[in-house]
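**Student:** This is the structure alone, sequence omitted:
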């Protein structure tokens, strides 16, 4: 069940281009040998800064925002999901190109880059991942605020554990200021749409529950009324 589905367009309909192959383009968390014990990051903590050199990392839990800093300020580049490689340029003996900032509580592991074959695999994997994430990032910056936030929520939903209760997954959303930054909006605009969006989801769940209860009572309401309640 997609807890962030758009009220006007269900996932999978024609024209939808968000990352439907998330599980295919994201590497298995065990794909690369760990160089050391996992490292935990708190919300807002930097994993690394542009220009530094501190190895290649793989994100195993949480979300990390990559951003560039220039004369005009900080710009969003892309969002890294669990399984993504971070800082792959270090496999080519280059410094980090962007800042990496945790937008939720995260866990990362430094990847072993001790041989040429491993470094080649890292670069190839990172390239494929970045192509997919770049397409998502583009859609997060185009169109109305509602459309941008809707796409971001769909991407976030794809990276969550569907076995967890909906309320738990909603609490794992990034902070409002981070959501707004990633879609190039104000926190006020993002908050307004998010409240409407999640409110509609709660209304639909309530109506479905009411319809099921009505249909299972000893004296059920007419089917037409039950269907109307289901929306």
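**Tutor:** Great, that's in hand. It should be emphasised that the depicted structure is a prediction, and the values quoted were computed from it without experimental measurement.
**Student:** Verify the contact between residue 96 and residue 49 for me.
**Tutor:** Yes: shown here, residue 96 and residue 49 form a contact pair, counting by Cβ atoms under 8 Å, at 6.9 Å. To be clear about C-beta, it is placed using only N, CA and C from the backbone, and glycine gets the same treatment.
**Student:** which of the two has more neighbours?
**Tutor:** A count of neighbours by other Cβ atoms under 10 Å puts residue 96 above the other of residue 96 and residue 49, at 21 against 14.
**Student:** separation between residue 51 and residue 99?
**Tutor:** In this view, residue 51 and residue 99 are 9 Å apart by Cβ to Cβ, to the nearest Å.
**Student:** Residue 50: neighbour count?
**Tutor:** 14.
**Student:** Read off the pLDDT value for it.
**Tutor:** Looking at residue 50, its pLDDT reads 96.
**Student:** So it is in contact with residue 101, correct?
**Tutor:** No: using Cβ under 8 Å, residue 50 is not in contact with residue 101; the gap is 11.3 Å.
**Student:** before we move on, which element is residue 109 in?
**Tutor:** Assigned by DSSP states H and E, residue 109 belongs to strand 106-111.
**Student:** Would you mind listing the buried residues in the helix or strand just after that strand?
**Tutor:** On the C-terminal side of strand 106-111, the nearest following helix or strand under DSSP H and E is helix 116-139. Counting neighbours by 16 or more other Cβ atoms under 10 Å, one finds that the buried residues in helix 116-139 are 118-119, 121-122, 125-126, 129-130, 132-133, 136-137, 139.
**Student:** Give the rounded mean pLDDT of the very next helix or strand once past helix 116-139.
**Tutor:** Later in the chain than helix 116-139, the nearest helix or strand by DSSP H and E is helix 145-158. Mean per-residue pLDDT for helix 145-158: 84.
**Student:** List of residues touching stretch 92-101?
**Tutor:** Residues from elsewhere that reach stretch 92-101 (Cβ atoms under 8 Å, 6 or more residues apart in numbering): 44-54, 57, 64-69, 74, 77, 80, 86-87, 89-90, 119, 123.
**Student:** Mind listing what's buried along that stretch?
**Tutor:** Buried-residue list, stretch 92-101, by 16+ other Cβ under 10 Å: 96, 98-101.
**Student:** Point to the helix or strand of this structure where mean pLDDT is at its lowest.
**Tutor:** Lowest by mean pLDDT, DSSP states H and E among the helices and strands of the chain is helix 22-25, with a mean of 40.
**Student:** Neighbouring strands of the next helix-or-strand element following it in the sheet, and parallel or not?
**Tutor:** Scanning forward in sequence from helix 22-25 by DSSP H and E, the next helix or strand is strand 39-41. Applying DSSP bridges, strand 39-41 is found paired with strand 106-111 (antiparallel).
**Student:** which of the contacts of stretch 92-101 count as buried?
**Tutor:** The neighbour count (16+ other Cβ under 10 Å) marks 47-48, 57, 64-67, 77, 80, 86-87, 89-90, 119 as buried among the contacts of stretch 92-101.
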